[in-house]
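# Return atomic coordinates for the entry below.
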Amino acid sequence: ALRSGADCVGIHAYGGYLTDQFLTRRWNTRTDAYGGSLENRARFLTELIAICKEEGGADFPVIVKFTPDHYMDGEGYRAIDEGIELAKLIVAAGADALHVDAGCHENWPNAMPPAGMQQMTLQSRSAKIIRSVVDVPVMTHGRFGDVDKAEAALRDGVCDIAVIGRGLLADPDLPNKVLSGRPDTIRPCISCNEGCIARVYNGETATCALNPRCGHEDGSIDIPPAAHPKKILVVGAGPAGLTIAVLLARWGYDITIFDARDKIGGVMRYGIPNYRLPDSVLDDFQYHHLDLKGIRFRPNTAIGKTITIDDLFRDGYKSVFIGAGLWKANAMHIKGETLGNVAFGIDYLANSKAFHLGSDIAVIGVGNSAMDCARTAIRNGARHVTCYARRDETCISASEYEVRYAKLEGVGFRFCKAPVEIRENGLICRDTVKGEDGKFTQVEGSETFYPHTGVIVSVSQGSENSLVKTTTGIETNQRGLLTVNEDGSTTREGVFAGGD
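Below you'll find the model as predicted:
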């Protein structure tokens, strides 16, 4: 750190990593000088602090990031009382500042708060307590990419320094925008944990759902400004359409967006629950990134019905980008699917309050959309929600952390159950078994009735085909999706496509 010119050094002693494993009775079963009492368990950390101070000198700050409360009920996890004593030990050992975290790998949503968690994160709760018992600066994090939350934490005595991590992936210029009085131009982190946390956990390079340059700072995806700006039409105001529209406008192109719905966002507004992505984020995006940049938005306009691709070229558009998404629910084609107590997942998420499915709901499917449906149903008042899967638990298609969130909120799961009929008072499933070839087959005669007041069918979506039917020269694959080359071009000249 000294040779590299760093201004300070940080020791990671949090969240179940190595140093926290020494600190925590749950993982530290040693019987020597590094195990047993809190002082012994802290010895590894205090010796690290001493080495850093010896090498760096008294004026070289050492910051220790630690977890005063794991927020776990099991034996041996740390609670706040011991966390307070640990904080005092760390400061006495020479730490110049404390960075307070919360949770651990066993409940990592607490450590990396996603959209939908409480406004005051567990980090802030712990930090305020620790700040009251030590005499060194206390810093913490937890969705402070929302500058209002960061300023509130400082104002309310939660911490002395508000730390921002994921927010800087979404907008690396965030500090400069705050300093120059332009906080309204910050590209917000929505705490989706998709491009950053999920990808890193899978051993991939971190990216950001809202910042396409994240992970490509070398300029590999940059396009030079247009020498001769052209008139471009973007079909669909979802993630793909909005991204390409903003980028093309930045490079000098004249952009118009058409969307079949009345507001921008696509699946972000009509397919992702509001507790995960508030509509206000999308409304701010429209003002700052469309309205102020002169990008025109034409709502309630579906291409392929009254207006066709040919009409667009006739009216002077030089290229068309199609990012219309997948809005057609796939049916299972089983008896009872048309009953009044049944909803398709994509329709339910678009306006869940419009459906009255009762207090005991079955969700057919175990993908990310199914998890959203289940968690939304709970927020809408359902007392019991159960997800059904044709295959076993190893075949869940939803992200691991989405399943964890659902389980934490009380969603149940039934595996190896193939729905064969929906009734007004429940669901009939047939058991499935896994063969030597890895395929699951239904067991004849194993039909079982499961009582439910409502059923949500969330087994994937497909594309609407009206656009394809009315456009000559465009080819599709077996799933009905547009065939594209590596550069996104379709088989129709001047027509490009991307997204789902």
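# Low-confidence stretches in the stretch 101-250 of the chain?
Applying pLDDT under 70 to the stretch 101-250 of the chain flags the ranges 116-120.
# can you map out the helices along it?
All helices of the stretch 101-250 of the chain, identified by DSSP state H, counting those that start in this stretch, fall at 108-111, 122-131, 147-155, 166-170, 174-179, 199-201, 239-250.
# starting at the chain centroid, how far to the fifth one?
Pointing back at helix 174-179 there. 24 Å (Cα atoms, centre = their mean, to the nearest Å).
# Any buried residues in that helix, and which?
Residues of helix 174-179 classed as buried: Leu174, Lys177 (neighbour count, 16 or more other Cβ atoms under 10 Å). C-beta here means a position set from N, CA and C on the backbone, and glycine is covered the same way.
# before we move on, back to that, quick one: the helices of the stretch 101-250 of the chain as a markdown table, columns for distance to Pro188 too.
Formatted as a markdown table, the helices of the stretch 101-250 of the chain follow (distance: least, Cβ to Cβ, whole Å):
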| stretch | distance to Pro188 |
| --- | --- |
| helix 108-111 | 20 |
| helix 122-131 | 19 |
| helix 147-155 | 9 |
| helix 166-170 | 6 |
| helix 174-179 | 10 |
| helix 199-201 | 19 |
| helix 239-250 | 13 |
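# Indicate which one of these is closest to Phe22.
With Cβ to Cβ as the measure, helix 108-111 is the member of these nearest Phe22 (18.1 Å).
# tell me, what residue is most central in the protein?
In the chain, the centroid-proximal residue (Cα atoms, centre = their mean) is Cys192; its distance is 1.9 Å.
# Distance of that one relative to Ile272?
Using Cβ to Cβ, to the nearest Å, Cys192 is found at 8 Å from Ile272.
# pLDDT averaged over stretch 392-411, what's the number?
For stretch 392-411, the mean per-residue pLDDT is 89.
# what number of residues lie near Asn211?
Asn211 has 18 neighbours, counted by other Cβ atoms under 10 Å.
# doesn't Ala170 make contact with it?
Yes - Asn211 is within contact range of Ala170, at 5.2 Å (criterion: Cβ atoms under 8 Å).
# list residues touching both of the two?
Listed as contacting both Asn211 and Ala170 by Cβ atoms under 8 Å, 6 or more residues apart in numbering are Arg187.
# so which strand or helix has Ile63?
Per DSSP states H and E: Ile63 is located in strand 62-66.
# How about the secondary structure of the residue nearest to Val443 when sequence neighbours are not counted?
Distance criterion Cβ to Cβ, 6 or more residues apart in numbering; nearest residue to Val443, sequence neighbours excluded, is Asp431 at 4.5 Å. Secondary structure for Asp431, judged by DSSP: H, G, I helix; E, B strand; the rest coil, is strand.
# How about the contacts made by Asp431?
Here Asp431 is in contact with Cys416, Lys417, Ala418, Gln442, Val443, Ser446, Thr448 (Cβ under 8 Å, 6+ apart).
# Apply 6 Å and report the result again.
Neighbour list for Asp431: Cys416, Val443, Ser446 [criterion: Cβ atoms under 6 Å, 6 or more residues apart in numbering].
# for it, which residues make a bridge with it?
Lys417 (DSSP bridges).
# any idea how far it lies from Lys335?
Taking Cβ to Cβ as the measure, Asp431 falls 18 Å from Lys335.
# returning to that earlier point: now do the strand holding Ile63 against helix 122-131, angle only.
For strand 62-66 against helix 122-131, the angle between stretch directions is 120 degrees (axes from the mean of the first three to the mean of the last three Cα atoms, to 10 degrees).
# got the contact list for strand 62-66?
Residues from elsewhere that reach strand 62-66 (Cβ under 6 Å, 6+ apart): 8-14, 49, 52, 90, 95-99, 101.
# Just after it, pick out the following helix or strand.
helix 80-92.
# which is the next helix or strand following that next one?
Taking DSSP H and E, what comes next after helix 80-92 is strand 97-100.
# who are the neighbours of that next one, in terms of helices and strands?
strand 62-66, helix 122-131, strand 138-140 (3 or more Cβ pairs under 6 Å, 6 or more residues apart in numbering; DSSP states H and E).
# at 8 Å instead, please
strand 62-66, helix 80-92, helix 122-131, strand 138-140 (3 or more Cβ pairs under 8 Å, 6 or more residues apart in numbering; DSSP states H and E).
# Now do the shortest one: distance to the chain's middle.
The offset between the C-alpha centroid of strand 138-140 and the centroid of the whole chain comes to 24 Å, using Cα atoms, centre = their mean.
# so what strands line up beside that strand?
Partners of strand 138-140, by DSSP bridges, with direction: strand 97-100 (parallel), strand 161-162 (parallel).
# So what touches stretch 182-197?
Counting by Cβ under 8 Å, 6+ apart, 112-115, 117, 143, 145-147, 166-167, 169-171, 173-174, 177-178, 206-211, 214-215, 276-277, 281, 284-285, 288, 401 sit against stretch 182-197.
# same thing but at 7 Å, please
112-115, 143, 145-147, 166-167, 169-171, 174, 177, 206-211, 214, 277, 281, 288, 401 (Cβ atoms under 7 Å, 6 or more residues apart in numbering).
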